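Novice: give me coordinates for this.
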Amino acid sequence: MSEPAFTVADVGGTTLRTGRYDAGAGTLADVRRTPTEGIARHPGAPVPVLQRQVADQLGRLAAEAVARHGSRALAVAFAGPVTADGRVVTAPTIWGGRGAPLPLRHLLEERLSVPVVVVNDLTAAVWRHVQGPDEPPFCLITVSSGIGSKVYRAGEVLLDAEGHGGELGHWRCDPSPQAAPCDCGGRGHLGGIASGRGVLAAARRAAAADPGGYARSALADLAPDPAHLDNPALAAAIRAHDPFATAVLRGGLTHLASAVTSVFTSIGVRRYVLMGGFALAIGPRYAELLTEELQRLGCFGLTPDEIRRMVVLGAPDDDHGLIGAGRLLAARGAARRVVTTV
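Specialist: Below is the predicted model of the structure:
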């Protein structure tokens, strides 16, 4: 009997991806990408409208993919807290404010008539990095349009049934009234400061405050008008060690490093795997700068050499959620209807 094929989807703040996961070979194929019909494309739209748009978009694309793949099941990695029964509690990078929980698993199963698993996108991505039952503890951190995290320890992702846990992006690290806004509507959250969107906004603010410094930086060659500055240009300047761009990034990394030290001191996790479009676009330079901040802050009980080994980069692609969702679905057995953990 041949191994089953699964359809997998990854819904992020910028991009919605679908693919075919071969459970026998452990390979991913037929990956298709399209802009997510959320807040990034429709700023200012009400939360219920964006929820309907994204759910309809996902349902349509998933139905097409399930038909193409001859799938027995669908696994969805979604950027936001997800309950054990597949309800999306909130999705700041996709529809902004909190809104009512979206029963995404129920909606998709009604439409597709196949078993559906819905998990947080980082929960799914964790399983790409688990090589076996003896996998040491690690914390997966994504730095993209937002910031998220999940801790893997002793064979499980540390979350409760309502999806709480692993939301470092919504830690309020700047309590000042003028702190940078977050997509969720709050202010001073780590994701609003240190994510790709947050650092880009900080670079534009820095350019307005110091136009001479901006004019002397590599950023001015890439985007003479700071209003037209984008993340690829910012990442390129940081990779090239541009002082202006690097100083902007360090402002966010200080807060991210503080969050990492808090995780370490509270539960002793020593390995931090970085993924997400912004961090991976900067590449080794991002890990280097974050490590420098960790060394400056210090990690209680660790030597400088031990701190240097804490941060590693994930695979340089955007398939973490797709592959992880497929591996998770295969491990649980999609031939039966499953109730997932988040």
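Novice: what helix or strand is the residue nearest the centre of the chain on?
Specialist: The residue lying closest to the centre of the chain (Cα atoms, centre = their mean) is residue 142, at 4.2 Å. Following DSSP states H and E, one finds residue 142 within strand 138-143.
Novice: helix or strand next in line after that strand, which one?
Specialist: Elements were assigned by DSSP H and E; along the chain past strand 138-143, the next helix or strand is strand 147-153.
Novice: which residues does that following strand contact?
Specialist: For strand 147-153, the surrounding residues in contact (Cβ atoms under 8 Å, 6 or more residues apart in numbering) are 79, 120-123, 125-126, 129-130, 135, 137-142, 157-159, 165-169, 190-191, 194-195, 256, 259, 263, 267, 269, 276. No exception for glycine: its C-beta is placed from N, CA and C like everyone else's.
Novice: buried sites along that strand?
Specialist: 147-152 (16 or more other Cβ atoms under 10 Å).
Novice: ok, back up a step: for the residue nearest to the centre of the chain, report the pLDDT, please.
Specialist: Predicted confidence (pLDDT) for residue 142: 91.
Novice: show me what contacts the closest residue to it other than its chain neighbours?
Specialist: Nearest residue to residue 142 in three dimensions, chain neighbours excluded: residue 276, at 3.7 Å (Cβ to Cβ, 6 or more residues apart in numbering). Contact analysis of residue 276 by Cβ under 8 Å, 6+ apart lists 141-144, 147, 196.
Novice: pLDDT at residue 276, what is it?
Specialist: 88.
Novice: dihedrals phi and psi, it?
Specialist: phi 100, psi 150 (degrees, to the nearest 10).
Novice: could you shift the numbering so residue one becomes 25, and keep it that way?
Specialist: Sure, I'll start numbering at 25, so the last one becomes residue 300.
Novice: if I look at it, how far off is residue 219?
Specialist: Residue 300 sits 8 Å away from residue 219, going by Cβ to Cβ, to the nearest Å.
Novice: show me where pLDDT drops low in the protein?
Specialist: Residues of the chain that meet the criterion pLDDT under 70 lie in 25-28, 357-366.
Novice: now do the contacts for residue 269.
Specialist: By Cβ under 8 Å, 6+ apart, the neighbours of residue 269 are 227, 241-243, 258, 261-262.
Novice: let me know the closest of the residues you listed to residue 31.
Specialist: residue 258 (34.6 Å; Cβ to Cβ).
Novice: give me the number of residues near that closest one?
Specialist: 27 (other Cβ atoms under 10 Å).
Novice: do I have it right that it meets residue 223?
Specialist: Yes. Proximity of residue 258 to residue 223 meets the contact threshold set by Cβ atoms under 8 Å, at 6.7 Å.
Novice: list the residues that contact both of those two?
Specialist: Contact criterion Cβ under 8 Å, 6+ apart; residues bridging residue 258 and residue 223 by contacting each: residue 272.
Novice: who touches the closest residue in space to residue 187 that isn't next to it in sequence in this structure?
Specialist: Distance criterion Cβ to Cβ, 6+ apart; nearest residue to residue 187, sequence neighbours excluded, is residue 105 at 3.3 Å. Residues near residue 105 by Cβ under 8 Å, 6+ apart: 112-114, 144, 186-188, 191, 366.
Novice: just the buried residues of the residues you listed.
Specialist: Buried subset of the contacts of residue 105 (neighbour count, 16+ other Cβ under 10 Å): 112-114, 144, 187, 191, 366.
Novice: show me the residues you listed that map onto helices.
Specialist: The helices, defined by DSSP state H, take in nothing from the buried ones among the contacts of residue 105.
Novice: returning to what we had before: how about the buried residues of strand 171-177, which pair is most distant?
Specialist: 171 and 176 (17.5 Å).
Novice: at which residues are the strands of the stretch 75-224 of the chain located?
Specialist: Ranges of strands in the stretch 75-224 of the chain, per DSSP state E, counting those that start in this stretch, are 98-102, 140-144, 162-167, 171-177, 180-181.
Novice: redo the ones you listed as a markdown table? Include distance to residue 80.
Specialist: Shown next, in a markdown table, are the strands of the stretch 75-224 of the chain (distance: least, Cβ to Cβ, whole Å):
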| stretch | distance to residue 80 |
| --- | --- |
| strand 98-102 | 14 |
| strand 140-144 | 15 |
| strand 162-167 | 26 |
| strand 171-177 | 24 |
| strand 180-181 | 29 |
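Novice: figure out which of these is closest to residue 63.
Specialist: Closest to residue 63 of the strands of the stretch 75-224 of the chain is strand 98-102 (Cβ to Cβ; 14.5 Å).
Novice: now the angle between strand 140-144 and the closest one, please.
Specialist: With axes from the mean of the first three to the mean of the last three Cα atoms, to 10 degrees applied, the angle from strand 98-102 to strand 140-144 works out at 20 degrees.
Novice: just the CA trace of strand 98-102, in CSV.
Specialist: Output in CSV follows, covering the C-alpha atoms of strand 98-102 (Å, rounded to 0.1, in the frame of the first residue of the first chain):
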residue,chain,number,x,y,z
LEU,A,98,-5.2,18.8,5.0
ALA,A,99,-2.9,20.4,7.5
VAL,A,100,-2.9,24.2,7.9
ALA,A,101,-0.2,26.2,9.7
PHE,A,102,-1.7,29.5,10.7
